[in-house]
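A.B. asks: sequence-free structure coming up:
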């Protein structure tokens, strides 16, 4: 993330979760992503307009892999 006062300070970041080792096994932690990171992660998901069934399958896989919140999937 950009330092406070920099030209990009205040940009909106999505904070998807990722698994990391913890004392009791794997745990979910938040990892900051840039808008470009998000676009690259979702790029493989087909548009629901083009193929709804394929979109559903790919989007479910995206959610399993990246763990976005409901707000982040909008």
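C.D. replies: Perfect, I can see it now. Quick caveat: nothing in here was measured; it's all calculated off a predicted structure.
A.B. asks: just for this structure, where's the confidence low?
C.D. replies: Applying pLDDT under 70 to the chain picks out residues 1-17.
A.B. asks: at 90 instead, please
C.D. replies: Low-confidence segments of the chain, defined by pLDDT under 90: 1-44, 61-74.
A.B. asks: quick one, helices of it?
C.D. replies: 35-42, 52-66 (DSSP state H).
A.B. asks: what inclination does the longest one have with respect to helix 35-42?
C.D. replies: Orientation of helix 52-66 against helix 35-42 (axes from the mean of the first three to the mean of the last three C-alpha atoms, to 10 degrees) gives an angle of 120 degrees.
A.B. asks: Please tell me how far residue 74 sits from residue 23.
C.D. replies: Distance of residue 74 to residue 23, computed by C-beta to C-beta, to the nearest Å: 34 Å. The way it works is simple: take the backbone N, C-alpha and C, and place the C-beta from them, glycine included.
A.B. asks: Next, count neighbours for the nearest residue to residue 45 once chain neighbours are set aside.
C.D. replies: Of all residues not flanking residue 45 in the chain, residue 58 sits nearest, at 4.5 Å (C-beta to C-beta, 6 or more residues apart in numbering). If you count neighbours by other C-beta atoms under 10 Å, residue 58 ends up with 16.
A.B. asks: gap between residue 58 and residue 25?
C.D. replies: According to C-beta to C-beta, residue 58 stands 28 Å off from residue 25.
A.B. asks: ok, now residue 34?
C.D. replies: Taking C-beta to C-beta, one finds residue 34 at 29 Å from residue 25.
A.B. asks: Who has more neighbours out of these two?
C.D. replies: With neighbours defined as other C-beta under 10 Å, residue 34 and residue 25 compare such that residue 34 has more, 15 against 7.
A.B. asks: can you give me the end-to-end distance of stretch 62-74?
C.D. replies: Its start and end residues considered, stretch 62-74 measures 14 Å (C-alpha to C-alpha, to the nearest Å).
A.B. asks: mind listing what's buried in it?
C.D. replies: Buried residues in stretch 62-74, counted by 16 or more other C-beta atoms under 10 Å: 62, 66, 68.
A.B. asks: how far does stretch 38-56 sit from the chain's center?
C.D. replies: 14 Å (C-alpha atoms, centre = their mean, to the nearest Å).
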